[in-house]
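Enquirer: Prediction below, plus the sequence it came from.
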Amino acid sequence: MSATKDVRGVTLAQDPAREGCFAVVHTDAEMEDWPGMSDRARRQKLHRHMNNETGALEIAAQCLVDFPDAPWPLRLQLARQASDEARHALMLYQRLREIGGGKGEFPIANFEWGVTGMVDNLAGRLAIQNRTFEAGLIDLLGVLKNTWREAGDDTTADILEGILADEIAHVRFANQWIRRLTDENPRVLLQVARAIRFLGEVNARLAPAIGDTDAVGHTVTEARVLPPAVNVNDRLAAEFTEEEVHEVLRQAGFRSILSAEARERPR
Ligand SMILES: [Fe+2]
Ligand SMILES: [Fe+2]
């Protein structure tokens, strides 16, 4: 086990290296979350997303380092993912600069790295990073691409749509490999269950609560705590089963984005 840190009584993997210009924080309360689509809110959204993509790159790359005996086709998928995530981080960084931002303007946190780094098996890491965090990103991007387009920024909306297409592929290969590894060895299901339970425990301890305030005094509202609407079509494209999508919908209170075509399709 590599170095760890304590965050409000929860043990997480120590942060990955970051340039000195970045203020690295450890909880949501220390982050800045600017509401709406003001110039500052736009920069902050891109800045946060840029660091998350950097983290996704580091998590995929660390899996290659930590699990050299994983099946070769799976290692190839992880390597492709690392390459995609590097491109995502770079695209967001370039866009951030185009709209007047830069590295280090806002605090960053490396929550995903902190959680996945505590899991000592590949199926568990795929379950947390790809199948949970990146599946959540599919939902989030399903909403955000429209938010940016409606705000008149087609350039950023196009970037987010490109990232979304790649994230579907990342979640899909994780779903495929978790199924395959579980079929070959049912004990893998235990590893997955343990990893997901660990994530649930961490979230219960560290997730922001309604009424909390962030580093710049914004109160956490119910709208912020609610998960984004479930992106049903893209989750199905990422090979979640219909039952799994229904379960996510149930947990999210049935908020879903379906294409107009799918909504109008007769049942
Ligand atoms: Fe990505
Ligand atoms: Fe990804």
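Expert: Now that the structure is in, tell me what you want to look at. Ligands and ions are numbered 1, 2, ... in the order given.

Enquirer: what packs against the helix or strand where Arg224 lies?
Expert: Arg224 is part of helix 222-225, with elements assigned from DSSP states H and E. Counting contacts by 3 or more CB pairs under 8 Å, 6 or more residues apart in numbering; DSSP states H and E, helix 222-225 packs against no other helix or strand. Using the backbone N, CA and C atoms, a C-beta is placed for each residue, glycine as well.

Enquirer: For that helix, give the mean pLDDT please.
Expert: Looking at helix 222-225 alone, the average pLDDT works out to 75.

Enquirer: Which positions in that helix come out as buried?
Expert: For helix 222-225, the buried set under the neighbour-count rule, 16 or more other CB atoms under 10 Å, is empty.

Enquirer: How about stretch 199-209?
Expert: Quick answer for stretch 199-209 (16+ other CB under 10 Å): Leu199, Val202, Leu206, Pro208.

Enquirer: Take those and lay them out in CSV including secondary structure and distance to ligand 2.
Expert: Output for the buried residues of stretch 199-209, formatted as CSV (DSSP: H, G, I helix; E, B strand; the rest coil; distance: CB to the ion, whole Å):
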residue, secondary structure, distance to ligand 2
Leu199, helix, 17
Val202, helix, 20
Leu206, helix, 22
Pro208, coil, 23
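
Enquirer: Tell me the spatial nearest neighbour of the closest residue to ligand 1 within the stretch 1-150 of the chain, not counting adjacent residues.
Expert: At 3.9 Å from ligand 1, His88 is the closest residue in the stretch 1-150 of the chain, using CB to the ion. Once flanking residues are discounted, His88 sits nearest to Glu53: 4.0 Å by CB to CB, 6 or more residues apart in numbering.

Enquirer: Could you check the pLDDT of the one you found?
Expert: Here, the pLDDT recorded for Glu53 equals 98.

Enquirer: packing partners for the one helix or strand it maps to?
Expert: Using DSSP H and E, Glu53 maps to helix 39-66. If contacts are counted by 3+ CB pairs under 8 Å, 6+ apart, helix 39-66 sits against helix 72-98, strand 108-109, helix 111-116, helix 122-125, helix 154-184.

Enquirer: Now do the contacts for the closest residue to ligand 2 within the chain.
Expert: Nearest residue of the chain to ligand 2 (CB to the ion) works out as His170 at 3.8 Å. Each residue near His170 by CB atoms under 8 Å, 6 or more residues apart in numbering is listed here: Gln81, Asp84, Asn130, Glu134.

Enquirer: contacts with ligand 2 among these, please.
Expert: Glu134 (CB under 5 Å from the ion).

Enquirer: Could you tell me which residues make contact with the nearest residue to Asn51 once chain neighbours are set aside?
Expert: Counting by CB to CB, 6+ apart, Asn51 lies nearest to Ile108, which is 4.3 Å off, once chain neighbours are set aside. By CB under 8 Å, 6+ apart, the contact set of Ile108 is Arg18, Phe22, Ala23, Val24, Val25, His47, Arg48, Asn51.

Enquirer: try 10 Å
Expert: 15, 18, 22-25, 30-31, 47-48, 50-52, 54-55 (CB atoms under 10 Å, 6 or more residues apart in numbering).
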